[in-house]
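A.B. asks: A structural model of the following input is requested.
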Amino acid sequence: YLAGEINRDALPIHPKAWYEDNNISLILGVKVENLNVELQQVHLSNSETLFYDRLIISAGSHPNIPSITGIDLNGVFSLRTTEDAEKILHLAKENVNCVCIGGGVLGIEIAAALARRKADVTLLESHAWLMPRQLNVTASNYLERHICSLGVKILKNARTKTLNGKKSNLTKIDLTDD
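C.D. replies: Here you go, the predicted structure:
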């Protein structure tokens, strides 16, 4: 979606009718506030209480937001929802400078997607090679060549120190000297 390869309608895994056909109640836009295991109840943020016989918890994930000064500036985003993608797409136009912090799977995918949209993308990886938890140096070098061929610039051993801005808008990223 971020790369422009699919539209928003293609994002859901199943259409709404699939849930109905499979006797699944799909409840969107609310949070679980409390679980009462003894009474087999789930209390939702919209004040609704659900009862269950069996409970399966399949919690989603949240982006790891580093504690960097300036992380709350306008122009700084994380990506987890369609709404997050919309905010990024609103600003990430052709020739706009975009910096992706983190050379893991998600950071690489975002950088490549923005490069496909002709943004000027730089990927910052704090380690000596991309995806150090998943790849050795040789495999990472292959990946790096491919990512660079997409138009992404990569800075390795690039540790973000602070995000700086004017009038609460991001204007500059400072890296550590080590």
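A.B. asks: dump the residue contacts of the residue most central in space within the chain.
C.D. replies: The centre of the chain sits closest to Leu79, judged by C-alpha atoms, centre = their mean, with a distance of 2.6 Å. By C-beta atoms under 8 Å, 6 or more residues apart in numbering, Leu79 lies in contact with 2, 63, 85, 88, 106, 110. Every C-beta, even on glycine, is put in place using the N, C-alpha and C of the backbone.
A.B. asks: for Ile65, same thing?
C.D. replies: So Ile65 contacts 71, 78 (C-beta under 8 Å, 6+ apart).
A.B. asks: and if you look at Leu163?
C.D. replies: 68-71, 73, 76, 170, 172-174.
A.B. asks: Please enumerate the helices of the protein.
C.D. replies: 16-21, 82-91, 105-116, 137-149 (DSSP state H).
A.B. asks: of all the ones you listed, which lies closest to Lys166?
C.D. replies: helix 82-91 (16.0 Å; C-beta to C-beta).
A.B. asks: where in this structure is pLDDT low?
C.D. replies: Residue ranges of the chain with pLDDT under 70: 60, 178.
A.B. asks: centre of the chain versus stretch 96-108, how much separation?
C.D. replies: Centroid separation between stretch 96-108 and its chain, computed with C-alpha atoms, centre = their mean, to the nearest Å, is 10 Å.
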